[in-house]
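Chemist: With the sequence up front, the predicted model follows.
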Amino acid sequence: MKISSFINGVYVDSKEQRNIKSPVTGELITPYSVATDAQVNEAVEAARAALNGPWGSMGIQERVDILYKVADGISARFDEFLEAECLDTGKPYSLARHIDIPRGAANFRIFADTIKNVADEAFHMPTPDGTGALNYTVRKPKGVIGVIGPWNLPLLLMTWKIGPALACGNTVIVKPSEETQLTMTMLGEVMNEAGVPPGVFNTVLGPGSRVGDKLISHPGLDAITFTGSTATGERVAEAASVGLRDASLELGGKNAAIVFADADIDKAIEGTVRSVFVNCGQVCLGTERVYVERPIFDEFVARLKAEAEKYKFGRPEDPETTMGPLISATHRDKVLSYYEKAVEAGATVVIGGGVPDMPAELAGGNWVEPTIWTGMAEDAIPMREEIFGPCCHITPFDTEEEAVRMANDSPYGLASAIWTENASRAHRVGAQMEVGISWVNSWFLRDLRTPFGGAKQSGIGREGGHYSLEFYTELTNVCIKL
Ligand code: TXE
């Protein structure tokens, strides 16, 4: 497959080619064409023309029917999307089959349903002459939206934004991460087959510092939605401030889990294993700090270690594989630098801490061992910064107040997980967490109608259900004197 930007319904090449490498072997997957500045401009112009054309004037039912066809198009090519996503990310098929690809399709269906069923407000008001007035809100597309996303869950996280943006009648220019561009490229074909008019969905491929920056600085965008690192999020906010464009920012995390001695320990272990290690730890909602009540601390550490030992590295398509590589050599070096910093900070390495021995054909991949530490001070660097690898630190605590204080003592505030069988404590502690998403006795349990986003440096704004509609639409209040 030719990997190039998708503008106004067609794939467009450019002279500058870069390579996409396999995270599993380090070998070349395919070259891709980097979008030129002129192509970014063309994508924005095409999106504006489509907004002012048939897409902008289309009735909701027709738009919704097209979005169902997009969802059906992803489902019909399920195996191709699965193969592409796993080739790009190195994640196991067993994971992407259950999470990434089904959610990619669901994001179009769910937001099509949401926009179809939304009810807007009306206010009757008294007037001095006694006739009264009626106010009602009209929901309009926000306009041309720039969508920028990361590499950890490419199809899932991009469609989480594209789905509601299109459902609300906007047009989009999508800049996938330069690490993972296959499924977004395939989506162009699906859009054409579903009857999405040219210019409604566009992609521009290339490095964030150039193509991404050109896009977010473009005055033709009406809003920007971004998922990625906090540092890049700050740059997006800066660019969006020019011309006072709206920005939705879903950023990093340093998420805590609190395990009370009254927890169902089997469930707590099962949930914590997933939240630390799934997708090789490359999940913004993943747990990197675990606080365990002292009476069960030793047992918890031993059991988490035993579970970490069970992970099997391998090729994505191998059904035995339960852990893939990190996305890139650069990211592997970053994660390994934290493995070193943890030791420097006096951590006890319970398991892992290095690079696994791999067979020769996989030795060029970005593999790191699942890693557990104890004994670090709360202010050590690996306890404060997002690592984004398969690792966590476990700290004992003695009181509920102490656990809540330590968990909340973070510059980030994305998600948390509380494990307890005490219902009062579940409500009390669950609500005290300074995060956007506070789970109790679960992790990654997602109802797509609920608000998703982060507090503190984990982001600005919420998406999901009607919260997405708030971001992707502009409201006009019509006030009619009766
Ligand atoms: O992220 P970036 P990177 C965290 C994680 C990871 C770190 C760095 O800790 O180690 O971020 O990863 C585009 N203008 N998360 O470097 O840079 C870029 O091309 C416009 C957490 O990959 O934020 C990509 O499409 N766009 C996170 C997207 O931004 C720019 C998931 C994200 O890349 C740009 C990923 C610019 N100036 C990483 N610079 C999460 N919250 O899930 C880059 N980009």
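Modeler: Thanks, I have it.
Chemist: So which residues on the chain come close to the ligand?
Modeler: Contact residues, the chain versus the ligand (Cβ under 6 Å from any ligand atom): 148-152, 175, 177-178, 208-209, 212-213, 216, 227-229, 232, 235, 250-252, 284, 331, 334, 386, 388. Any C-beta I mention is one placed from the backbone N, CA and C, and that applies to glycine too.
Chemist: Tell me which entries of the residues you listed lie within helices.
Modeler: 213, 216, 232, 235, 331, 334 (DSSP state H).
Chemist: I'd like those as JSON lines, with neighbour count and pLDDT appended.
Modeler: Shown next, in JSON lines, are these (neighbours: other Cβ atoms under 10 Å; pLDDT from 0 to 100):
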{"residue": "213", "neighbour count": "18", "pLDDT": "98"}
{"residue": "216", "neighbour count": "23", "pLDDT": "98"}
{"residue": "232", "neighbour count": "21", "pLDDT": "98"}
{"residue": "235", "neighbour count": "18", "pLDDT": "98"}
{"residue": "331", "neighbour count": "21", "pLDDT": "98"}
{"residue": "334", "neighbour count": "16", "pLDDT": "98"}
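Chemist: And those, which is closest to residue 382?
Modeler: Set against residue 382, the nearest of those by Cβ to Cβ is residue 334 (11.6 Å).
Chemist: Need the residues that contact the lowest-mean-pLDDT helix or strand in the chain.
Modeler: Least confident element among the helices and strands of the chain, by mean pLDDT, DSSP states H and E: helix 54-57 (a mean of 92). Helix 54-57 has contacts (Cβ atoms under 8 Å, 6 or more residues apart in numbering) with 50, 63, 141, 169, 171, 196, 197, 199, 200.
Chemist: quick one: the fourth one from the ligand, how far?
Modeler: I take that to be residue 169. Using Cβ to the nearest ligand atom, to the nearest Å, residue 169 is found at 25 Å from the ligand.
Chemist: same question, the last one
Modeler: Noted for residue 200: a distance of 21 Å to the ligand, by Cβ to the nearest ligand atom.
Chemist: who's in contact with that residue?
Modeler: Contacts here follow Cβ under 8 Å, 6+ apart; on that basis residue 200 touches 47, 50, 55, 166, 171, 172, 191.
Chemist: One more: the fourth one?
Modeler: Residue 169 is in contact with 55, 56, 58, 63, 140, 141, 473, counting by Cβ under 8 Å, 6+ apart.
Chemist: Mind exporting the C-alpha coordinates of stretch 307-323 to CSV?
Modeler: What follows is stretch 307-323, C-alpha atoms only, in CSV (Å, rounded to 0.1, in the frame of the first residue of the first chain):
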residue,chain,number,x,y,z
GLU,A,307,2.0,-12.1,37.1
ALA,A,308,4.7,-9.9,35.4
GLU,A,309,6.9,-13.1,35.0
LYS,A,310,4.2,-14.6,32.8
TYR,A,311,4.4,-12.1,30.0
LYS,A,312,5.6,-13.5,26.7
PHE,A,313,7.3,-11.4,24.1
GLY,A,314,6.9,-12.2,20.5
ARG,A,315,5.5,-11.3,17.1
PRO,A,316,2.0,-9.7,17.1
GLU,A,317,0.4,-12.5,15.1
ASP,A,318,1.6,-15.2,17.5
PRO,A,319,-1.3,-16.2,19.7
GLU,A,320,1.2,-16.8,22.6
THR,A,321,2.4,-13.2,22.5
THR,A,322,1.1,-11.1,25.4
MET,A,323,3.6,-8.2,25.3
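Chemist: buried stuff in that stretch?
Modeler: Under the neighbour-count criterion of 16 or more other Cβ atoms under 10 Å, stretch 307-323 has 307, 308, 311, 313, 314, 315, 316, 321, 322, 323 buried.
Chemist: circling back to that earlier point, from the chain's centroid, how far away is the least confident helix or strand of the chain?
Modeler: With Cα atoms, centre = their mean, to the nearest Å as the basis, helix 54-57 stands 29 Å off its chain's centre.
Chemist: Closest one of the contacts of residue 169 to the ligand?
Modeler: For those, the minimum distance to the ligand (Cβ to the nearest ligand atom) is 22.6 Å, reached by residue 141.
Chemist: Residue 283 versus the closest one, what's the distance?
Modeler: Using Cβ to Cβ, to the nearest Å, residue 141 is found at 31 Å from residue 283.
Chemist: cool, and residue 178?
Modeler: The value you get for residue 178 to residue 283, if Cβ to Cβ is used, is 20 Å.
Chemist: Now, of the contacts of helix 54-57, which are buried?
Modeler: Buried members of the contacts of helix 54-57, scored by 16+ other Cβ under 10 Å, are 50, 63, 141, 169, 171, 196, 197, 199, 200.
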